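In: build me a model:
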Amino acid sequence: MSSTGLHTSTASILTDFKEITKVRLAVSVVFSSVAGYFLGAESIDFVTVFLLAIGGYLMVGASNAYNQIIERDLDVLMDRTKNRPIPAGRMSVSTAFVIASAFTILGLIVLYIINPKTAMFGAISIFLYVSVYTPLKTKTPLSVFVGAFPGAIPFMLGWVAATGDFSIEPGTLFMIQFFWQFPHFWAIGWWLYDDYKKGGFFMLPTGKRDKGTAIQVILYTVWTVLVSLIPVFGVTGRLYLTPVAGVFIFIIGLGMLYYALRLYKEKTAGAAKKLMFASVSYITLLQIIYVLDKFIREWI
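Out: The predicted model follows:
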């Protein structure tokens, strides 16, 4: 084989590996986990941060690999997934299973090194995502509710990694990301409705791109913002948010609500896509604001 051919083959294998483990999604999960760690840690241990990042990536990668194994026959039917490694025939099911299994075992070991509770929540996340959420996606819109549980774990996982304890603080972080996932995934479900329909997926609460779904998107957006502001009132233990940071959270929350209201008004795929991006911006900025607020208070 020529050096050019070898390079192409290696690049293709790497691309497929990134696709089967969904690297971009894994990075967002690691970001949430590290943010949670910074919030919970009284002093930063960068070894723990490194282990959390590696363990988080391994667990997300395992979940996505299992998911693509289970949904391989449906992925062929949808434009957005038909070129994934398994349905496209570039990777065998057995290879994907080896990757998923290795990632699961290594991920649990890495998280256990941090502390047992972190590993426990990591295991719960994989189980719920693969064994409950994935099969329900073709059965009922309630799959989004079930999927919100493993999806909400990363933010609180970081706090548990920092403290070895689950209490009101990580519980609050969990609730923020739990409520946020409804407008986020419904926006995706609306935007890609036709493609999801080809695969038989039920992602929207009413099953349709209608007024009822749009109203629920608005309601869950409001609840997301309200839950995000609870730490301002000093009722969530060590997790505290200053009023100034609360104002910033409220402002970015209004931004997300604006796009939710636009979806209600326009009821188009374009409006849903904008809401999806707005929701990603909201949760990312929220986590940055929470962390900055904590460290600014400590420095002052």
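In: if I look at R84, how far off is T206?
Out: 29 Å (CB to CB, to the nearest Å). In this view, the C-beta of every residue, glycine as well, is placed from N, C-alpha and C.
In: of those two, which one has the most company?
Out: Neighbours per residue (other CB atoms under 10 Å) separate R84 from T206, with R84 holding more: 22 against 13.
In: surely the more buried one touches D75?
Out: Yes. Contact criterion CB atoms under 8 Å: R84 and D75 qualify, at 5.4 Å.
In: give the residues shared as contacts by those two.
Out: Q68 (CB atoms under 8 Å, 6 or more residues apart in numbering).
In: what about the residue positioned nearest the centre of the chain, distance to K198?
Out: Most central in the chain under CA atoms, centre = their mean is G151, positioned 4.7 Å from the mean C-alpha point. The spacing between G151 and K198, counted by CB to CB, is 24 Å.
In: before we move on, what about L226?
Out: 36 Å.
In: quick one, which of these two is more surrounded?
Out: Shown here are L226 and K198; by other CB under 10 Å, K198 has more neighbours (16 against 12).
In: that one contacts V76, correct?
Out: No. Here K198 lies out of contact with V76, judged by CB under 8 Å, at a distance of 9.7 Å.
In: can you find the helix or strand in the protein with the smallest mean pLDDT?
Out: Every helix and strand of the chain was ranked by mean pLDDT, DSSP states H and E. The lowest is helix 3-21, at a mean of 73.
In: helix or strand next in line after that one, which one?
Out: Counting by DSSP states H and E, the next helix or strand C-terminal to helix 3-21 is helix 23-40.
In: list the buried residues for that next one?
Out: By neighbour count on 16 or more other CB atoms under 10 Å, the buried set for helix 23-40 is 26, 29-40.
In: what does stretch 146-166 give?
Out: Quick answer for stretch 146-166 (16+ other CB under 10 Å): 146-163, 166.
In: kindly report the same for stretch 50-66.
Out: For stretch 50-66, by 16+ other CB under 10 Å, it's 51-66.
In: quick check, nearest of those residues to D293?
Out: L52 (20.9 Å; CB to CB).
In: the helices in this structure, which residues?
Out: 3-21, 23-40, 46-70, 72-75, 93-114, 116-127, 134-136, 143-163, 168-191, 193-199, 211-229, 243-266, 269-299 (DSSP state H).
In: and those helices: which comes nearest G237?
Out: helix 168-191 (4.9 Å).
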